[in-house]
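[1] Need coordinates for the following:
(2 chains, ligands or ions: 2)
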Amino acid sequence: MQTEKAFLKVQNLGKSYKSDGPPVFAGIDFEIHRGEFVCIIGHSGCGKTTILNVLAGLEEATEGVAVMLDKHISGPSLDRGVVFQGHALMPWMTVLNNVCFAVKSKYPDWPKAKIAEHAQKYLSMVGLVNAENKKPSELSGGMKQRVGIARAFAIEPKMLLLDEPFGALDALTRGVIQDELLKICSETHQTVFMITHDVDEAILLSDKIMLMSNGPNARIAEIVVNTLPKNRQRATMHHDPLYYPMRNHLVDFLVNRSKDLQAKSASGVLDGHKPVIVRPGIDTPLSQ
Amino acid sequence: MKKASLRLKATVLSLLVLFFLLLIWQIETLPKSAPKPVGAATSSEYADLMSAGGGESTQKSGFPTPTQLGQTIYKQLSNPLYDNGPNDKGIGIQLAYSLARVGLGFLLATLVAVPFGFLIGMSPLAYQTFNPFIQILKPISPLAWMPIALYTIKDSSISGIFVIFICSLWPMLLNTAFGVANVRKELLNVAKTLEVSPLRKAFLVILPAAAPTILTGMRISMGIAWLVIVAAEMLVGGTGVGYFLWNEWNNLSLSSVIFAILLIGVVGMLLDTLIGRIQKAVSYAD
Ligand SMILES: Nc1ncnc2c1ncn2[C@@H]1O[C@H](COP(=O)(O)OP(=O)(O)OP(=O)(O)O)[C@@H](O)[C@H]1O
Ligand SMILES: [Mg+2]
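    Ligands and ions are numbered 1, 2, ... in the order given. Below is the predicted model:
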């Protein structure tokens, strides 16, 4: 089947900023399939943003390759939409023009009216039609973030890269936007790579959660398959019998196992290590 | 409401201050009514000469009263465009000469400084290469260029424009370079991921992002240019408000000198307000 072929393949990816010191991360291997929503969790500074930047083509890896649809990622591309951590809207443009700017970049030949209409479609998707003539400075943090999401979606990229898109939001707004994102992604079968620090967010949104050990020399230690049913919802998912095994597994990694792994990787035990695939609550974790 | 009343208060106070200044001035310049022995006045011509020469102990202060100034202002403004040959032109004509020189020199400086500042701001190599030259040329008083300009250009009017050009150049150049170099990396990354063409990036991302900083440079440049044009015109003569001022000093018409001073101040303020408006239009909240 065509869909089983990896959409994005990362092989032996490594990055070091200094030639003498240890790399920030090394030997990163993973695959993302078409339509999959993948989250990556790890402690601050382990290199998540760096990996995302490499996937976006904004930064070069020192080792290994990232391949999307059989093409090496060697620079930024309209095929990959990025939602930046700090929303990164052009402050002098209105909300609508921010999105139009992106649409015009993707479809330079479209007439103005069509561009605006297309942009408005995505703004209404994130519930911002009424704010389209406002400047970013007049928006709340959550609204800005939603403009960023609309902008990334509006170029209809083959893949979305999200860097802690909800990091700065309060719990309530965060929930609302998470629901929106979930809805949009399941409607459009969008392939997503997302960084988060929030375990519940990862459980709600992702099909697969990659756990990254602490740096330097960070690795993808485990790939956790989300065992909760696909139609899970924020309000009810914690009643699912698989929710707590899942959550405990993730939290336990962040609290305990990531440190052990760092010690191991420092002594070189992890060289050539392949990530363990885990289904919490279904099979017992293979490594503790 | 509160804001409005604050402004009202300030306006009233400003007018009061102005009134008292004028009052003090009027009192100080009144002809001394308690006369010194009049018999000693051998000739009124002599006294006039003394007072014109700035002698303070004479009967009549040579310094014009506000009323005299008012008359001069009225006379000058009621016929600003007359032209009675090289040494006697209406203030409107003189002002137009000065403004044209400043405008032209400033425009030329903008045409050079903004693109060049862009280059320097975009490329660290270009910045490092040109920085020593800029740092040495920047602190030179624009008037110091005058002899060289006069020697090479051989035209006092164009030399004036050149001096304006030189003095406007540096603030605009440095501010443009600074603004361009400090565009938020995030925004540039957005442009990169959208595969925006270099030209579109320059005009739609970098230029608007740096515009407030560039306009700040322009505002500084315009301020300096207006300071310099007066001095330059005093130096080379011919036309312009600076020349007018110097000429009136030579005519010993102090009230015309004061009129010119006030005019220079008002026009300078208007120029600054104009650029301030543009600056406000291109600045953005972030
Ligand atoms: N330009 C740089 N020069 C040198 N070191 C860098 C640079 N950028 C990042 N690093 C280092 O690389 C490591 C990974 O950074 P990265 O931003 O990818 O972390 P992160 O996992 O995204 O952290 P966080 O969760 O806090 O965002 C950090 O230890 C950081 O010190
Ligand atoms: Mg990060």
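[2] can you count the residues close to residue A:91?
    17 (other CB atoms under 10 Å in any protein chain shown). C-beta here means a position set from N, CA and C on the backbone, and glycine is covered the same way.
[3] I'd like the average pLDDT over stretch B:269-281.
    Here stretch B:269-281 scores 95 as its mean pLDDT.
[4] Say whether chain A is contacted by it.
    No. Using CB under 8 Å from any CB of the partner chain, stretch B:269-281 stays clear of chain A, coming no nearer than 10.4 Å.
[5] chain center to that stretch: distance?
    13 Å (CA atoms, centre = their mean, to the nearest Å).
[6] helices and strands around the helix or strand containing residue A:192, which ones?
    Taking DSSP states H and E as the criterion, residue A:192 maps to strand A:191-195. Here strand A:191-195 touches strand A:37-42, helix A:48-56, strand A:159-163, going by 3 or more CB pairs under 8 Å, 6 or more residues apart in numbering or on different chains; DSSP states H and E.
[7] Dump the ones you listed into TSV; add mean neighbour count, distance to residue A:31 and mean pLDDT as well.
    Output for those, formatted as TSV (neighbours: other CB atoms under 10 Å in any protein chain shown; distance: least, CB to CB, whole Å; pLDDT from 0 to 100):
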stretch	mean neighbour count	distance to residue A:31	mean pLDDT
strand A:37-42	24	9	94
helix A:48-56	22	13	93
strand A:159-163	23	13	93
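[8] Distance of residue A:76 relative to residue A:58?
    Remark: distance between residue A:76 and residue A:58 (CB to CB, to the nearest Å) = 6 Å.
[9] what is in contact with those two at once?
    B:189, B:192, B:193 (CB atoms under 8 Å, 6 or more residues apart in numbering or on different chains).
[10] By neighbour count, which of those residues wins?
    residue B:193 leads those on contacts (other CB under 10 Å) with 27 neighbours.
[11] Can you name the residues of the stretch 101-250 of chain A sitting close to ligand 1?
    Residues of the stretch 101-250 of chain A found near ligand 1 (CB under 6 Å from any ligand atom) are residue A:215.
[12] what's the helix or strand for the residue in the stretch 101-250 of chain A positioned nearest to ligand 1?
    Closest contact between the stretch 101-250 of chain A and ligand 1, by CB to the nearest ligand atom, is at residue A:215 (5.7 Å). Counting by DSSP H and E, there is no helix or strand that carries residue A:215.
[13] And for the spatially closest residue to it that is not a sequence neighbour, the neighbour number?
    Ranked by CB to CB, 6 or more residues apart in numbering or on different chains and with sequence neighbours excluded, the top spatial neighbour of residue A:215 is residue A:46, at 4.5 Å. Using other CB under 10 Å, residue A:46 is surrounded by 23 other residues.
[14] can you check residue B:277 too?
    Neighbour tally, residue B:277, other CB under 10 Å: 10.
[15] quick check, residue A:209 in a strand?
    Yes. With DSSP: H, G, I helix; E, B strand; the rest coil as the criterion, residue A:209 is part of a strand.
[16] Compute the distance between it and residue A:222, please.
    Between residue A:209 and residue A:222 the computed distance is 8 Å (CB to CB).
[17] returning to that earlier point: can you list the helices and strands packed on strand A:191-195 in JSON lines and add distance to chain B?
    Output for the helices and strands packed on strand A:191-195, formatted as JSON lines (distance: least, CB to the nearest CB, whole Å):
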{"stretch": "strand A:37-42", "distance to chain B": "19"}
{"stretch": "helix A:48-56", "distance to chain B": "6"}
{"stretch": "strand A:159-163", "distance to chain B": "9"}
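[18] hmm, back to that, pop out the phi and psi values for the residue of the stretch 101-250 of chain A closest to ligand 1.
    The phi/psi pair for residue A:215 (degrees, to the nearest 10) reads phi -90, psi 180.
[19] if we can go back for a sec, give me the subset of the shared contacts of residue A:76 and residue A:58 lying in helices.
    Within the shared contacts of residue A:76 and residue A:58, residues falling in helices by DSSP state H are B:189, B:192, B:193.
[20] which one among those residues gets closest to ligand 1?
    Of those, the one sitting nearest to ligand 1 (CB to the nearest ligand atom) turns out to be residue B:189, at 13.0 Å.
[21] residue contacts, that closest one?
    A:56, A:58, A:76, A:82, A:84, A:88.
[22] same thing but 7 Å
    By CB atoms under 7 Å, 6 or more residues apart in numbering or on different chains, the contact set of residue B:189 is A:58, A:84, A:88.
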